[in-house]
Each structure stands twice: as structure tokens, then as C-alpha cells.
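> A predicted structure for the sequence below; I have some questions about it.
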Amino acid sequence: MKRTDISRLRYARSANLQLGLIAALGLVITAFNWTIEDHFPDRYEERMLTNELEYEVVRTQSAQPRPKPPQLPTAEIEPVEEPIAAFTPEPVIIDLPVVSEPGPAVGTPEPVIYEPTPIPPKPKDEAPPIFKVVEEMPVFGDCVALPLAERGKCSDAALLSYIYKHIRYPGAARENGIEGTVYVQFVVEKDGSASQVKILRDIGGGCGREVERVVAEMPKWSVPGKQRGRPVRVQFNLPVKFKLQ
């Protein structure tokens, strides 16, 4: 009996399995379609409100064009020229307290008055320079007509001729037998006159004084010295020899 029951179960196994699957599928469908009535509507609304998202609503107004102001009729206004009264400022009078000048304090030293320093006088015009050698040397005597190269020798001869013609041998030098050469220095000015006569070497016996006299009385030179075409002052050193015969 037991073996026959087991064999029957083996033959009906596939059918039973299919019936179980159908029953399980029906239960699942029934469970999904099953609805439960809510007995607490207030709580359900609160629960739904808490799960919803909150949105902030911003109210915006539509940009409408502003109405234009009404145009008023314009009228031309002519300017009225009114005379402007001259403005005369009123004098301002300020009353200041009269303050007496304080007298000198006792024991204070008297103020020192400084006298203005005198203005120094202007320096005198310096004398023109004196040359020893120039482009055109002064010419003495009648040598101007000669060529420039020959004027020098002619001028020296004319000068020595004048000196020995006008000089006198001093008596004291002659009596004492004094002989020698006296050196004299002088300057030929721009106008040809001789100036600043000075004895550089004297042999005594009055010879130096005699040479100084003759040179100081010398006539003007025919042509003064020239440098770049302008007359200048020229210095000369002249030897005068004294010898007894």
C-alpha cells in the first residue's frame, strides 16, 4: 500500500507543482491589488505635507511701459534787461585799542646803529699794456718814406744821431775821467711821445742825469708802434756810451 501511494505521488508531482505556482501567483496579484481604507485622514495629510518639497514663490510684476508725461505748450520768453545798480561797498570801521609804546626798560643796552658801509670807488681804468716787440716798431726821424724792411735801421741811426748831438759830457765826469755806458729805459706812447724815462744803469759823474734829460726832451716819433693795425705802447732800452778823447 505504501509503495503504491508513493508511486502515485511521483506521477502527480508535476501537476501539484503547477497548481502551487498558480496559487502563489494569484496571491501575489491579490496582494498588489488590495487597498486599505485610511481611518485617519488628518494624519495622512500631515504625513503627505511633510514629504512634499517646499518652493519659494517670488511674485513678479510684468514690466509695463510708464506713461509719458503730457507735453505742455512751450512759449518763448524774452529776457528782460534790468539795470544793475552800481555796488558801492560801505566803509568798514574797526575800533582798535590804543596801545602806548613801551619805554626803554631799565638796564637794557641801547640799540646799536650800524652805519652803512661806504661803496668803494670804481677802479681807475688800467693803463694800456706795454709791448716790447710788435709787428710794426715805432719809427724815429724821416724814415717813413722808406720800405718797411729798411725803416728799422734808419730809425736806430736817427735816434743815436739825435742823442749824441744833444748830449753834453758832464764836467764832473770829465774831470774825474769817468767813462762807460749808461742804460736808459723809456716808452713810446701811442701818439709818439716818450714817457716813463728811467735810468737802469748809471756810471756816476752826472752821466745818468744827462741821458735822462736828453731822452725826456726827445721830439715825438714819426710813427708809433702798431699791433694788428692799431697803435700800441712800445718799451725801449737804449745804451748811451761816454768816452773821453
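Done, it's in. The model shown is predicted, which means the values in this text are computed figures rather than measured ones.
> burial of residue 18, as a residue count?
By other CB atoms under 10 Å, 10 other residues sit near residue 18. (C-beta placed from N, C-alpha, C; glycine too.)
> any idea of the mean pLDDT for the host helix or strand of it?
Counting by DSSP states H and E, the secondary-structure element that holds residue 18 is helix 13-33. Mean per-residue pLDDT for helix 13-33: 80.
> Numbering from 48 from now on, please.
Shifting the count to begin at 48 puts that one at helix 60-80.
> other SSEs contacting that helix?
If contacts are counted by 3 or more CB pairs under 8 Å, 6 or more residues apart in numbering; DSSP states H and E, helix 60-80 sits against no helix or strand.
> Show me what counts as buried in whichever strand or helix holds residue 207.
Assigned by DSSP H and E, residue 207 falls within helix 195-213. Of all the residues in helix 195-213, those buried under the rule 16 or more other CB atoms under 10 Å are 198, 201-202, 205-206, 209-210.
> And the next helix or strand past that helix?
Downstream of helix 195-213, the first helix or strand assigned by DSSP H and E is helix 218-222.
> which strands and helices sit next to that following helix?
Short answer (3+ CB pairs under 8 Å, 6+ apart): helix 218-222 packs on no helix or strand.
> Not counting its own residues, what contacts it?
Outside of helix 218-222, the residues within contact range by CB atoms under 8 Å, 6 or more residues apart in numbering are 225-226, 250-254, 289, 291.
> Which elements pack onto the longest strand seen in the chain?
Longest strand in the chain, counting residues (DSSP state E): strand 277-289. Applying 3+ CB pairs under 8 Å, 6+ apart, one finds that strand 277-289 contacts strand 177-178, helix 195-213, strand 227-235, helix 254-263, strand 272-274.
> at 10 Å what do you get?
Packed against strand 277-289 by the contact rule (3 or more CB pairs under 10 Å, 6 or more residues apart in numbering; DSSP states H and E) you find strand 177-178, helix 195-213, strand 227-235, strand 241-248, helix 254-263, strand 272-274.
> so the third one versus helix 195-213, what angle?
Spelled out, that is strand 227-235. 120 degrees (axes from the mean of the first three to the mean of the last three CA atoms, to 10 degrees).
> now do the same end-to-end measure for stretch 184-203.
11 Å (CA to CA, to the nearest Å).
> mean confidence for it?
The average pLDDT for stretch 184-203 rounds to 89.
> Residues in contact with it: which ones?
178, 183, 204-209, 235-237, 239, 241, 265-273, 278-281, 283, 285 (CB atoms under 10 Å, 6 or more residues apart in numbering).
> run the last query once more with 6 Å
205-206, 235, 268-272, 281 (CB atoms under 6 Å, 6 or more residues apart in numbering).
> hey, which helix or strand in this structure has the poorest pLDDT?
helix 88-98 (a mean of 48; mean pLDDT, DSSP states H and E).
> Can I get stretch 70-82 in CSV? Just the C-alpha atoms.
Provided in CSV are the C-alpha atoms of stretch 70-82 (Å, rounded to 0.1, in the frame of the first residue of the first chain):
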residue,chain,number,x,y,z
ALA,A,70,-1.9,29.6,-6.4
ALA,A,71,1.2,31.6,-5.4
LEU,A,72,0.9,33.9,-8.4
GLY,A,73,-2.7,34.6,-7.6
LEU,A,74,-1.9,35.5,-4.0
VAL,A,75,0.8,38.0,-5.2
ILE,A,76,-1.7,39.6,-7.7
THR,A,77,-4.3,39.8,-5.0
ALA,A,78,-1.8,41.4,-2.6
PHE,A,79,-0.9,44.2,-5.1
ASN,A,80,-4.5,45.0,-5.9
TRP,A,81,-5.6,45.0,-2.3
THR,A,82,-6.5,48.6,-0.9
